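Trainee: sequence below, structure please.
(chains A and B)
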2 protein chains.
Amino acid sequence: MSVLANPQRSDMVSPSATRRPLPEAVRAALQQHFGERFTQNASILAQHGADESHYAPTPPDAVVFALSSEDVAFAVKTCAAQGVPVIAFGVGSSIEGHVLAVHGGVCIDLSRMDQVLAVRPEDMTATVQAGVTRMALNAELAHSGFFFSVDPGANASIGGMVATAASGTNTVRYGTMRDNVLSLTVVTAEGAIIRTASHARKSSAGYNLTQLYCGSEGTLGIVTEATVRLHPRPEEVLAAVANFPDIKSAVDAVIQAVQLGLPLARAEMLDALTIRAINRHSKTSLAEAPTLFLEFGGAAGEAAAQAEQMQQIVRDCGGGDFKMATREEERSALWTPRHHAYFAVLQLRPGSRSLTTDACVPVSRLAECIEETRADLEASGLVAPIFGHVGDGNFHCLILVDPANEAEREVAEALSQRLTRRAMAHGGTCTGEHGVGLHKIGYLAEEHGEAAVDIMRRVKQALDPKNILNPGKVVLLPFAPGG
Amino acid sequence: MSVLANPQRSDMVSPSATRRPLPEAVRAALQQHFGERFTQNASILAQHGADESHYAPTPPDAVVFALSSEDVAFAVKTCAAQGVPVIAFGVGSSIEGHVLAVHGGVCIDLSRMDQVLAVRPEDMTATVQAGVTRMALNAELAHSGFFFSVDPGANASIGGMVATAASGTNTVRYGTMRDNVLSLTVVTAEGAIIRTASHARKSSAGYNLTQLYCGSEGTLGIVTEATVRLHPRPEEVLAAVANFPDIKSAVDAVIQAVQLGLPLARAEMLDALTIRAINRHSKTSLAEAPTLFLEFGGAAGEAAAQAEQMQQIVRDCGGGDFKMATREEERSALWTPRHHAYFAVLQLRPGSRSLTTDACVPVSRLAECIEETRADLEASGLVAPIFGHVGDGNFHCLILVDPANEAEREVAEALSQRLTRRAMAHGGTCTGEHGVGLHKIGYLAEEHGEAAVDIMRRVKQALDPKNILNPGKVVLLPFAPGG
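Mentor: Numbers count the residues shown, from 1 in each chain, chains lettered A, B, ... in the order given. The predicted structure is shown next:
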């Protein structure tokens, strides 16, 4: 536990004792198959050994750019024969160290698998290659009347979003990636290409492989294609912003709305410090108080009716009058500060990096958990704004640290640990949407119990007996180079 | 395949060559622990060896009535030590032979685990023991402002509904059991008690054990408790019935409504033959044509607005004027015939039993698949009404057979096989909501491919290496008495 909970330790993220050079047979076979799409160029390796986390880069030994499931299967088979690790890579926007090559190996870059293979308006589904980003998919859908809902902030690849079971700001209405994936094409540890489910909207036909791979972070198989659900684009969209005297009132307003069945499209809570960061960064003059950013959508007239109902709830909870926007440019202007919150926050302390936390608790415990966290953060003396997807009980702190200051990094990591344990003590989870990666491995047994993690470990062993699929992530199995 | 696809064959459902008497050590230990809650009474054994399927009963060797997860764990440990099969039993309403003791063993009856352990209005969740039925849970919620949505028709137990990934008439709006289960308590093959997830609304903390057990039909573990989502009870509910010139128009109307984001609470299509059965059984005088039974719900005024919008869509698709009902008694009167459809249909041919099919296809293929099926059924000369959950692409035929007429049973089974293969050819699944049980095992490889079924088999082997958990269901592993 101690090593795992202290991921800054260099032995977790630097080339480890289990690394060995890429076997020549693997190098030659990959080079022959992929040609110019095989590389060992140092800067490309470095780019593929890092994500948006606070970890130092840990590059793979080679990168191949796949164009098809067959390419991926070839790479996996070739590596499996020699027990060489394979790590899938989309756009590198994960934030828990998911793509770091801690045991070396070959990175399979899926970003060129960027084809939208089918859009089926009648079924409200689309099938995409794993490298398609959520924005690219939505651009393709622009004139279809439908959209793909999952929005984790970053322009992540669909494959990556499947791998981490991503979610984001509009999960309160449209669900997480888990709720929006119907079927996957997956390359197994042996290089077989399987499809996890049909395109029917529901099925009881055997074990739920779709959900087994969703959230498995490339440790059970590599997702190469996904069939996702689409949602009708609402006729009318309305955005609103409201201030609150405290976090609890803001959270209560959202809880009441959800209990009434009010279909909030988005409900984001930002604390006063986040608003201050936004005001500085975006030259806005928002009141520096706990604030809800809301979005409503529906058929003509519905969004306005929802907003009216919500304004009443907000007032009942002690919140202020809505600042509202209907037209797209106005809505965008109102919400842009929220979308830029991450960058705004970083600029509260120039030169800092963020240790980004990701706890999720039952909504009834959210206000209390945030308040306790707020007090803990303030006592630490570090700058650490909080914002969250209130309807889901999910919130993030960006703990700003000077990357050169080891003592400060330790304080931040200790805060993050206490926060994670606090969330679990409130009946919550150590990660709502970022995933386990390297950073949360040590918490899995605390959250689920040893017997449940043992079940996960058995699944991993059964599906990847040589431990070549993104080894060292999610659940720890012994890794021996060469399998 | 041939044996599996011909489940009437007695070698599949009668005490098999692999059966042996219950080992005395197991009998004695169970009797000591369970006292009067252990039985080998023949009529109780017979009752626990049958479900609502067309299979002949195949009783277990003993039944224990569990009151707690610890009871279940004790029974599993005791049986595991001697390689004796254990089969979980709720109310026996499954319809694919799920609970038949094809290799003998001990049935663990969970029906006395009937406690609603917690209702959390703020979190919109409830935690129940596995034996709580959906109606009992909803009775408990009567004055809470919330309800549990999944409604497969039968008053199934929540544990059983988890086990089969059940759904039903209001899935179009509220989702399946998979969408409504947050966390499970499960007893593993070794008798460990695990919890699959926290009570947070979402999580990315490791492999999705909740969804792995959901739909696993007692073959990977025994669900003893479940935390489920609740939904706000709509303020206003409105029911409507409309006739259509043909099945395609009825299906098209629902597809259009879903595409527009119209939140239909229920949308059931019944064919003319089902309506005829209903008219005879319920003394109604509905037009004997393809018919949609609809339900709308929402805040005051919303249901009426939705109904108005739907009436327009129905007219555009060639359907007739709504027969509507708002007050609860009127709604109940309007919908009761739909709820009694199963019994009404059986009375089309007194003395018959139903071979009930369960295909689910992408909604764009539903009308075509039903029409092809209709033609096939008519050509067979058998009586076989069709109805379906149109918004999900899921439909059922009740093929009425004389249980004493083997030739007829074979015709029915052949029809069912062709229907299942037709659904898969249309991009669908061999079971939308009933599960695999004994009846659909042979189709899994056809639907998913051998490599995917191999993954399922490896999961089963990893989690139940002795193959004692409901052996002979879902995926086939060699069964050797004594493990």
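
Trainee: quickly find the element holding A:Glu308.
Mentor: Element membership for A:Glu308 (DSSP states H and E) is helix A:302-316.

Trainee: that helix: what's the following helix or strand?
Mentor: strand A:323-325.

Trainee: how about the helix or strand harbouring A:Met135: buried residues?
Mentor: Assigned by DSSP H and E, A:Met135 belongs to helix A:134-140. Across helix A:134-140, burial judged by 16 or more other C-beta atoms under 10 Å in any protein chain shown covers A:Arg134, A:Ala136, A:Leu137, A:Asn138, A:Glu140. The way it works is simple: take the backbone N, C-alpha and C, and place the C-beta from them, glycine included.

Trainee: now do the helix holding A:Glu308: which elements does it pack against?
Mentor: strand A:236-243, helix A:247-259, strand A:291-298 (3 or more C-beta pairs under 8 Å, 6 or more residues apart in numbering or on different chains; DSSP states H and E).

Trainee: chain B is nearest to which of these?
Mentor: helix A:247-259 (5.8 Å; C-beta to the nearest C-beta).

Trainee: which residues does the closest one contact?
Mentor: A:172, A:242, A:244, A:264, A:267, A:269, A:271, A:290-292, A:309-310, A:313-314, A:316-319, A:363-364, A:366-368, A:370-371, A:374, A:390-391, B:121-122, B:124, B:145, B:232 (C-beta atoms under 8 Å, 6 or more residues apart in numbering or on different chains).

Trainee: neighbouring strands - and their directions - for the following helix or strand past that helix?
Mentor: Sequence order places strand A:266-270 as the next helix or strand after helix A:247-259, per DSSP H and E. As defined by DSSP bridges, the strand partners of strand A:266-270 come to strand A:291-298 (antiparallel), strand A:386-389 (antiparallel).

Trainee: could you give the number of residues near the spatially closest residue to A:Ala239 that is not a sequence neighbour?
Mentor: In this structure, A:Ala239 finds its nearest non-sequential neighbour in A:Arg331, 4.2 Å apart by C-beta to C-beta, 6 or more residues apart in numbering or on different chains. Applying other C-beta atoms under 10 Å in any protein chain shown, we find 17 other residues in the vicinity of A:Arg331.

Trainee: contacting residues for A:Ala126?
Mentor: A:Val116, A:Ala118, A:Val119, A:Arg120, A:Leu137, A:Glu140, A:Leu141, A:Phe148, A:Thr227, A:Val228, A:Leu230.

Trainee: check which residues of stretch A:350-358 are buried.
Mentor: Going by neighbour count (16+ other C-beta under 10 Å), the buried part of stretch A:350-358 is A:Ser352, A:Arg353, A:Ser354, A:Leu355, A:Thr356, A:Thr357, A:Asp358.

Trainee: ok, those residues vs chain B, which is closest?
Mentor: A:Asp358 (8.1 Å).

Trainee: give me the pLDDT for the residue nearest to the closest one when sequence neighbours are not counted.
Mentor: Excluding the flanking residues, the one nearest A:Asp358 by C-beta to C-beta, 6+ apart is A:His434, at 4.1 Å. Reported pLDDT at A:His434 in the predicted model: 96.

Trainee: kindly report the same for A:Ala130.
Mentor: Reported pLDDT for A:Ala130: 98.

Trainee: state the number of residues packed around it.
Mentor: With other C-beta under 10 Å as criterion, A:Ala130 counts 29.

Trainee: single out the most deeply packed of the helices and strands packed on helix A:302-316.
Mentor: The highest average neighbour count among those, using mean count of other C-beta atoms under 10 Å in any protein chain shown, belongs to strand A:291-298 at a mean of 25.

Trainee: contacts for that one, please.
Mentor: By C-beta under 8 Å, 6+ apart, strand A:291-298 touches A:170, A:234-244, A:250, A:253-254, A:263-270, A:275, A:302-304, A:306-307, A:310, A:314, A:319, A:322, A:331, A:334-335, A:338, A:390, B:261.

Trainee: three-state assignment of A:Val223?
Mentor: strand (DSSP: H, G, I helix; E, B strand; the rest coil).

Trainee: and it, what is it in contact with?
Mentor: So A:Val223 contacts A:Ala88, A:Ala130, A:Gly159, A:Val162, A:Ala163, A:Leu184, A:Thr185, A:Val186, A:Tyr213 (C-beta under 8 Å, 6+ apart).

Trainee: surely the last one touches A:Thr188?
Mentor: Meaning A:Tyr213. No. With contact defined as C-beta atoms under 8 Å, A:Tyr213 does not reach A:Thr188; the gap is 9.8 Å.

Trainee: neighbour count: the two, which is higher?
Mentor: A:Tyr213 (30 against 23).

Trainee: from A:Ser183, how far off is that one?
Mentor: In this view, A:Tyr213 and A:Ser183 are 10 Å apart by C-beta to C-beta, to the nearest Å.

Trainee: shared neighbours, these two?
Mentor: Each of A:Thr196 lies in contact with both A:Tyr213 and A:Ser183 under the rule C-beta under 8 Å, 6+ apart.

Trainee: show me which of the contacts of A:Ala126 are buried.
Mentor: Here, 16+ other C-beta under 10 Å leaves A:Val116, A:Val119, A:Arg120, A:Leu137, A:Glu140, A:Leu141, A:Phe148, A:Thr227, A:Val228, A:Leu230 buried among those.

Trainee: the third one touches B:Pro362, doesn't it?
Mentor: Looking back up the chat, that one is A:Arg120. Yes. Applying C-beta under 8 Å, one finds A:Arg120 in contact with B:Pro362, separated by 7.1 Å.
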